[in-house]
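[1] Got a predicted structure here, sequence first:
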Amino acid sequence: MTAIKHALQRDIFTPNDERLLSIVNVCKAGKKKRNCFLCATVTTERPVQVNVVKVKKSDKGDFYKRQTAWALRDLAVVDAKDAVKENPEFDLHFDKVYKWVASSTVEKNTFISCIWKLNQRYLRKKIDFINVSSQLLEELPKVAEESVPSGENQSVAGGDEEAVDEYQELNAREEQDIEIMMEGCEYAISNAEAFAEKLSRELQVLDGANIQSIMASEKQVNILMKLLDEALKEVDQIELKLSSYEEMLQSVKDQMDQISESNHLIHLSNTNNVKLLSEIEFLVNHMDLAKGHIKALQEGDLTSSRGIEACTNAADALLQCMNVALRPGHDMLHAVKQQQQRFSDLREQFARRLASHLNSVFVQQFTQTLLQLYNRSSYHSVPGHDQSSTLAQHSAELTLPNHHPFHRDLLRYAKLMEWLKNTDYGKYEGLTKNYMDYLSRLYEREIKDFFEVAKIKMTGTTREGKKFATLPRKESAVKQETESLHGSSGKLTGSTSSLNKLSVQSSGNRRSQSSSLLDMGNMSASDLDVADRTKFDKIFEQVLSELEPLCLAEQDFISKFFKLQQHQSTSGTTTNEVEEMDGVALSRSYTSGVPQTISSEKDMIRQMMTKIFRCIEPELNNLIALGDKIDSFNSLYMLVKMSHHVWTAQNVDPASFLSTTLGNVLVTVKRNFDKCISNQMKQMDEVKISKKSKVGILPFVAEFEEFAALAESIFKNAERRGDLDKAYTKLIRAVFVSVEKVANESQKTPRDVVMMENFHHIFATLSRLKISCLEAEKKEAKQKYTDHLQSYVIYSLGQPLEKLNHFFEGVEARVAQGIREEEVSYQLAFNKQELRKVIKEYPGKEVKKGLDNLYKKVDKHLCEEENLLQVVWHSMQDEFIRQYKHFEGLIARCYPGSGITMEFTIQDILDYCSSIAQSH
């Protein structure tokens, strides 16, 4: 192994300036190949690079060649396989795992130990040594030292690293000196031992000369020592002077420290004074309320615009003073606490005064409006006054009172309401509740009166209109209720029993009026003309047009006055939840004194609107029920109008009160519309026809025509066209089925006539109205009409030349049996004499008489309103001519050259039919 190592060093590594430190003879695990060597090398140039080189013996000779080299810094893991048992296998993890089998365990251990030492010395890189004995990583085992030769041990074992460090190359000057010295000695190369001995003798001579020189310089050393002693004395004197100077400087330092401390205290005092002044200025500037503001809060006029503006400015200033962000420690100052208590008292006093004033404004506005309603009712109930004229005068205008002046007056207090909401939510909530209580009763009275007028205009009956006039109220009763309202205005959480009593008494008669109108019997649609329906449509549109701006104006006022933002809600509240809140949860939140737990302020707006206008939805439903009782077709008008208003409201705000309420009412209207369609279908099933008179156009067919014409005029460009198309499909199928059912049950009129006339009427209706969704039904109606017309013509015409028809049927039977057409005349029963005999029985006079009887029979079957007589008669004429041509054709083919012809011609038939039609 030593020889191989020297050979590798000489042939491979020395030319590359590398030194070989360790070598191991290995082969690849699991493969039968020739052995190779793994070599651990370092470069001779700095910086030192450590490599693991794979060397393989050449196949063509005894020399070695370098095959692969890996840098030691790329080595990640060394796996010795087993740390206890001897195992020659080991793995090296470079870019991939290389598995090797060493020729002996000792060589493997020596190589791994060398790798570990090189890593520790040059790389300081963390290489994982797996399954390697800890002793192996400290020093080489003794077995390795004994088994390896001394020369190899010095280069492979632990001494190789020290040798690397102790070895120093000669520089250029040293090499030059050695060359000069060797040139001076002739045997320097030939006898190296003698040259070394000579150099040793010269070295000894030089050492002796150095010792003698040192001994000769003893006198100068003594002089130097004396000078050093004198220098030490001078140093001691200088130290004494420096000590005295230091004491003097220390005294000055103490004095300067005292001056500095005094200056620091003065600076600290000035700084504290500046900070104190800053804090006092901050408190004075931010927590001092002007006397004018205090006076406005305590005695400011809340009725004039100037006084309201002054109170608003004072309230904002007070809020700023109360909301000032105090610095740490300010709240512990007695003056600050006193000022805060003063601000709280001012806020409470002004909040109480503002709430009381606004409550009085609510009561005053409500009372004035209510008195106007009572005065109008009393005027209508004056003894001797003509109720009919009063009703006509009252019904002339279908409008709702305008609350814009009321809103305009209250909006002056909007900023104060916002202030109250931010400072005293309990009083703000109490005002909100009182406003809803007052307005709900006021709107209930106005809206119910409005709907009563609308109902009277719809019915147009003075008998019902007389019930509209309310009973007169005594002035003392009105005054007493007004006083009770004023008396309770100062208590926001007080009882509202007086308002409840007032509302109940003022609405008692209206309930009886509403019930009396709804108890009217159903009126047939045939009793009403287009003018009545147009009138209903205008009234219903007027009702919706009056309600919509009223609700929008009130909602806008609530948003502005109570400072509720109409932003999008994160989570909606259903109608049922709103109604429950209106009853229990809402009143509980008013008395709790804390902000109501709702998803957004928009939900609060909807809750307030629901309570204020709680009568709109039931009144609309009552009006819809009345319109449906007057005429079921009114549901068409209501569906279109209501759909349009719902669509408009949803475009503005899909979750608003108006949109929700109209949407709920739209559901009722849609149900009435579906009920109207169902009733028409039910009437079709229950229709009964007279057994003594001809059927004609069935009533439900005419009603469908009326319904379709009315619907097309109403639903033109409507949003709910899909609902009408579905109703059309249901109705037309029911009409088809019912027409066939009646035709099958008809006794007086033939089935084909009933089918023909009614499907012709349906086809004409659909063609005229051009309903796109019923194109298929129009084609079906036309086909049924055509089929039954043909069937009726064939059935009614029958066989006008009966004997002649039987004769030619026999001829056709013989031809069918295989007899040639020209040989039929040789048959005994069908010869020419028999044919002439049959033809003589049908002269022109007899034919005309038969056609005249047939015309009378058809005229008796057909109805006049459909005017199909001439159409049917023309079809019969064509059918008769077709039979005539068929007979002539058979005569020409079966009796050629006989000269036999009919006793009347086609022109005679045309003349007969024309004269019969003109005579009738």
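    Received it, and whenever you're ready, just let me know what you need.

[2] where along the stretch 401-550 of the chain do the helices fall?
    Taking DSSP state H, counting those that start in this stretch, the helices of the stretch 401-550 of the chain run over residues 404-411, 414-423, 425-459, 462-465, 475-487, 497-518, 530-561.

[3] any idea which of the ones you listed scores lowest on pLDDT?
    The minimum mean pLDDT among the helices of the stretch 401-550 of the chain belongs to helix 497-518 (a mean of 35).

[4] element containing residue 228?
    Assessed by DSSP states H and E, residue 228 sits inside helix 218-287.

[5] Run a quick neighbour tally on the residue nearest to residue 687 when sequence neighbours are not counted.
    Leaving aside its chain neighbours, residue 687 sits nearest to residue 700 (6.0 Å; criterion: C-beta to C-beta, 6 or more residues apart in numbering). Placement of C-beta: from N, CA and C, glycine included. Residues near residue 700, counting by other C-beta atoms under 10 Å, number 23.

[6] so which helix or strand takes in residue 700?
    Using DSSP H and E, residue 700 falls within helix 699-714.

[7] and that helix, what does it pack onto?
    On a contact count with 3 or more C-beta pairs under 8 Å, 6 or more residues apart in numbering; DSSP states H and E, helix 699-714 meets helix 634-652, helix 657-685, helix 721-745, helix 751-769.

[8] Output the ones you listed as CSV; include the columns mean neighbour count.
    Listed next are those as CSV, based on neighbours: other C-beta atoms under 10 Å:
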stretch, mean neighbour count
helix 634-652, 20
helix 657-685, 19
helix 721-745, 18
helix 751-769, 22
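
[9] Please convert those to TSV, extending it with distance to residue 348 and mean pLDDT.
    Below are the helices and strands packed on helix 699-714 laid out as TSV (distance: least, C-beta to C-beta, whole Å; pLDDT from 0 to 100):
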stretch	distance to residue 348	mean pLDDT
helix 634-652	40	84
helix 657-685	34	87
helix 721-745	59	87
helix 751-769	73	88
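
[10] how about these, which one is nearest residue 225?
    Relative to residue 225, the nearest member of these by C-beta to C-beta is helix 634-652, separated by 114.8 Å.

[11] what's the angle from the closest one to helix 699-714?
    Interaxial angle of helix 634-652 relative to helix 699-714 (axes from the mean of the first three to the mean of the last three C-alpha atoms, to 10 degrees): 30 degrees.

[12] Below-threshold pLDDT in the stretch 101-250 of the chain: ranges please.
    Scanning the stretch 101-250 of the chain for pLDDT under 70 picks out 138-170.

[13] What ranges does it have for its helices?
    According to DSSP H, counting those that start in this stretch, the stretch 101-250 of the chain carries its helices in the segments 105-118, 142-147, 150-156, 159-166, 172-183, 192-216, 218-287.

[14] how close does residue 631 sit to residue 367?
    From residue 631 across to residue 367, the span is 42 Å (C-beta to C-beta, to the nearest Å).

[15] where's residue 352 relative to residue 425, distance?
    Using C-beta to C-beta, residue 352 is found at 14 Å from residue 425.

[16] Return the residues in contact with residue 90.
    Residues in contact with residue 90 (C-beta atoms under 8 Å, 6 or more residues apart in numbering) are 78-81, 100, 102, 108, 112.

[17] ok, of those residues, which one's closest to residue 250?
    Checking the contacts of residue 90 against residue 250 with C-beta to C-beta, the nearest one is residue 78 at 68.3 Å.

[18] Confirm that residue 86 sits in a strand.
    No - judged by DSSP: H, G, I helix; E, B strand; the rest coil, residue 86 forms no part of a strand; its state is coil.

[19] Name the nearest residue to it, sequence neighbours excluded.
    Nearest residue to residue 86 in three dimensions, chain neighbours excluded: residue 105, at 4.3 Å (C-beta to C-beta, 6+ apart).

[20] I'd say that neighbour and residue 85 touch.
    No - look at residue 105 against residue 85 with C-beta atoms under 8 Å: they stay out of range, at 9.3 Å.

[21] So which of these two has more stuff around it?
    residue 105 (17 against 7).

[22] tell me the contacts of that one?
    By C-beta under 8 Å, 6+ apart, the residues touching residue 105 are 86-88.

[23] which of these are buried?
    Taking 16 or more other C-beta atoms under 10 Å as the criterion, what is buried in the contacts of residue 105 is residue 88.

[24] List just the nearest of the contacts of residue 105 to residue 231.
    Using C-beta to C-beta, residue 86 comes nearest to residue 231 of the contacts of residue 105, at 73.3 Å.

[25] For the closest one, give me phi and psi.
    phi -80, psi 120 (degrees, to the nearest 10).

[26] picking up where we left off before, quick one: which of the helices and strands packed on helix 699-714 is nearest residue 407?
    helix 657-685 (16.7 Å).

[27] How far away from the center of its chain is the closest one?
    Put simply, helix 657-685 sits 31 Å off its chain's centre (C-alpha atoms, centre = their mean, to the nearest Å).

[28] What is that helix packed up against?
    Helix 657-685 is packed against helix 530-561, helix 601-612, helix 616-630, helix 634-652, helix 699-714, helix 721-745, with contacts defined by 3+ C-beta pairs under 8 Å, 6+ apart.

[29] Let me have these in TSV, extended by distance to residue 36.
    TSV is the format used below for the helices and strands packed on helix 657-685 (distance: least, C-beta to C-beta, whole Å):
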stretch	distance to residue 36
helix 530-561	93
helix 601-612	87
helix 616-630	100
helix 634-652	89
helix 699-714	102
helix 721-745	90
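
[30] Could you work out which of these reaches nearest to residue 135?
    Across the helices and strands packed on helix 657-685, residue 135 has its closest neighbour in helix 601-612 (82.5 Å, C-beta to C-beta).

[31] could you dump the closest one to PDB, C-alpha only?
    In PDB, the C-alpha atoms belonging to helix 601-612 read as follows (Å, rounded to 0.1, in the frame of the first residue of the first chain):
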ATOM      1  CA  GLU A 601     -80.200  52.200  11.800                       C
ATOM      2  CA  LYS A 602     -82.000  51.300   8.600                       C
ATOM      3  CA  ASP A 603     -83.800  48.600  10.500                       C
ATOM      4  CA  MET A 604     -84.900  51.200  13.100                       C
ATOM      5  CA  ILE A 605     -86.300  53.400  10.300                       C
ATOM      6  CA  ARG A 606     -88.300  50.400   9.000                       C
ATOM      7  CA  GLN A 607     -89.600  49.700  12.500                       C
ATOM      8  CA  MET A 608     -90.700  53.300  13.000                       C
ATOM      9  CA  MET A 609     -92.400  53.300   9.600                       C
ATOM     10  CA  THR A 610     -94.100  50.000  10.400                       C
ATOM     11  CA  LYS A 611     -95.600  51.400  13.600                       C
ATOM     12  CA  ILE A 612     -96.500  54.800  12.100                       C
END
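
[32] Tell me what angle that helix forms with helix 530-561.
    For helix 601-612 against helix 530-561, the angle by the same axes, to 10 degrees is 130 degrees.
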